[in-house]
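Asks: coords below, sequence missing:
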């Protein structure tokens, strides 16, 4: 233990060259004294055989005793009271926690090992971080803090941990395809409350979002594929392309209908796409979404009584090409004609045996439009026995008749004619 040297003239001279070996209790106590400069016996109480190590260091001359229970490095000039101010001795729980944090650990792991509540572990960690005994580091595997002793050596392998998942996160992770991605709309059909779990998986680096914020493609990362919870052989959601991820089923059908018709209004698109309104959400709602995303543009109306028309943009046509699906134009026209016949039938049933809320002007307009030749609004205004004082009123009346399915307008020019329901009503009125 002691290296004693002798001088050449025979005079013995004991030179204290001893230092504790690394890894021993004495080395641990000496490292604590060198770090804090001034320590109390209570600061070393958590170290096994700490009192014996202190006495050995004191006998070797590496430290000196200032007063009862207080030690410092030999030759240090620090103010003892200033160094000890604000320090508190470690209690039983703090010593237990200090011994456990030789390697980085999470708070739930500490709670399970110590057998105390989460609040108690949190208070212990806060006190020990304030005292400078422990610190916290961010894990590279999950969005949680790891706690470790300040005198421990932390490596990158210690911080690389497999993220722990909740039941909803594991279910969402297992539903994603192995290669490629899927859309948010398909995920919502399987897991209606998927959004918080998706945000946590994104923070943990298990999945990634490609594309626009709400029209992004969700796909696995390499870390997500290697996670122990993920099962590659299980049944997954279908793979979608980046363009396909931007569409719900309703918006997808509207895009295909616009591709088949070229330019159409919301009524015709709803008939071809087969969309039925659900509460406040209807065809107009989905069309506005597509307009906002830049896939569809809304054309200017030639008159306020006419319905606005829509058509695909260049980005929308590229999306249709990427989807690889089409609707035959003849099939689209057949659906459109069937929808118009059905609308006329419902109108006839509604107006059977009564004139409805028709004014004298609208009755006369229906009678004039029931002829064999379609009429322009200006020609119709000249034929009325009691013309409107404001020309705009005629267009408003034509628009109301069109909404009720009694009249319609030619798609290519402003020619108005009575539908089957309008001709039937005109024959009964006469």
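Replies: Looks like it came in fine. These numbers were taken from a predicted model, which means no experiment stands behind them. Numbers count the residues shown, from 1 in each chain.
Asks: most residues in a single helix of the chain, which one?
Replies: When the chain is scanned for its longest helix (criterion: DSSP state H), the result is helix 329-351.
Asks: Buried residues of the next helix or strand after that one, list them for me.
Replies: Under the assignment DSSP states H and E, the closest C-terminal helix or strand after helix 329-351 is helix 360-369. Of the residues in helix 360-369, 361-362, 364-369 count as buried by neighbour count, 16 or more other Cβ atoms under 10 Å. In short, each C-beta sits where N, CA and C put it, glycine included.
Asks: elements contacting the helix or strand following helix 360-369?
Replies: Read in the C-terminal direction, the helix or strand following helix 360-369 is helix 377-383, with elements assigned using DSSP H and E. Using 3 or more Cβ pairs under 8 Å, 6 or more residues apart in numbering; DSSP states H and E, the elements in contact with helix 377-383 are helix 360-369, helix 391-403.
Asks: so how far is helix 377-383 from its chain's centroid?
Replies: When C-alpha coordinates are averaged (Cα atoms, centre = their mean, to the nearest Å), helix 377-383 and its chain have centres 57 Å apart.
Asks: Next, the residues that contact that helix from outside, please.
Replies: Identification of contacts with helix 377-383 by Cβ atoms under 8 Å, 6 or more residues apart in numbering yields 365, 368-369, 375, 387-388, 391, 394-395, 398, 414, 416.
Asks: Averaged pLDDT, it. What do you get?
Replies: Taken as a whole, helix 377-383 has a mean pLDDT of 85.
Asks: So which bits of it are buried?
Replies: For helix 377-383, a neighbour-count test (16+ other Cβ under 10 Å) marks 377, 380-381 as buried.
Asks: ok, and the helix or strand in the protein with the lowest average confidence?
Replies: strand 5-6 (a mean of 32; mean pLDDT, DSSP states H and E).
Asks: okay, residue 259: pLDDT?
Replies: The predicted structure scores residue 259 at 87 on the pLDDT scale.
Asks: I meant to write residue 176 there.
Replies: 90.
Asks: partner residues bridging the residue nearest to it when sequence neighbours are not counted?
Replies: Ranked by Cβ to Cβ, 6 or more residues apart in numbering and with sequence neighbours excluded, the top spatial neighbour of residue 176 is residue 220, at 5.3 Å. Applying DSSP bridges to residue 220 gives these bridge partners: residue 207.
Asks: Mind jotting down where the strands sit in the stretch 101-250 of the chain?
Replies: Taking DSSP state E, counting those that start in this stretch as the criterion, the stretch 101-250 of the chain carries its strands at 134-138, 145-149, 181-183, 207-211, 216-220.
Asks: Indicate which one of those is closest to residue 22.
Replies: strand 145-149 (16.3 Å; Cβ to Cβ).
Asks: Contact partners for residue 69?
Replies: The contact partners of residue 69, taken as Cβ under 8 Å, 6+ apart, are 40-42.
Asks: and which of those is nearest to residue 177?
Replies: If you rank the contacts of residue 69 by distance to residue 177 using Cβ to Cβ, residue 42 comes first, at 58.9 Å.
Asks: Looks to me like the closest one is in a strand.
Replies: No: counting by DSSP: H, G, I helix; E, B strand; the rest coil, residue 42 is not found in a strand; it is helix.
Asks: Distance of it relative to residue 69?
Replies: Taking Cβ to Cβ, to the nearest Å as the measure, residue 42 falls 7 Å from residue 69.
Asks: List the buried residues of stretch 217-232.
Replies: Applying a neighbour-count criterion of 16+ other Cβ under 10 Å, one finds 217-220, 223-224, 227, 230 buried in stretch 217-232.
Asks: how about those, which pair is most distant?
Replies: Comparing every pair within the buried residues of stretch 217-232 by Cβ to Cβ identifies 217 and 227 as the most remote, at 19.6 Å.
Asks: what does the domain assignment say about the chain?
Replies: If the domains of the chain are taken from automatic domain parsing, they occupy 5-84, 92-159, 167-245, 249-327, 347-429, with pieces of a single domain joined by a plus sign.
Asks: For residue 334, which of the ones you listed is the nearest?
Replies: domain 249-327 (9.4 Å).
Asks: Between the two ends of that closest one, how far is it?
Replies: 15 Å (Cα to Cα, to the nearest Å).
Asks: and what of stretch 188-208?
Replies: Between the start and the finish of stretch 188-208 there is a gap of 17 Å, counting by Cα to Cα.
Asks: Now do the same contact list for residue 24.
Replies: Contact partners of residue 24, counting by Cβ under 8 Å, 6+ apart, are residue 53.
Asks: scratch that, residue 171 is what I was asking about
Replies: With contacts taken as Cβ under 8 Å, 6+ apart, residue 171 has the following neighbours: 191, 197.
Asks: Switch the contacts of helix 377-383 over to TSV; also include distance to residue 266.
Replies: Written out in TSV, the entries for these read as follows (distance: Cβ to Cβ, whole Å):
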residue	distance to residue 266
365	24
368	27
369	23
375	25
387	31
388	27
391	26
394	23
395	19
398	18
414	19
416	19
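Asks: from these, which would you call buried?
Replies: Applying 16+ other Cβ under 10 Å to the contacts of helix 377-383, the neighbour count classes 365, 368-369, 375, 394-395, 398, 414, 416 as buried.
Asks: out of those residues, which one sits closest to residue 181?
Replies: Top of the list for closeness to residue 181, among the buried ones among the contacts of helix 377-383 and by Cβ to Cβ, is residue 414 at 47.4 Å.
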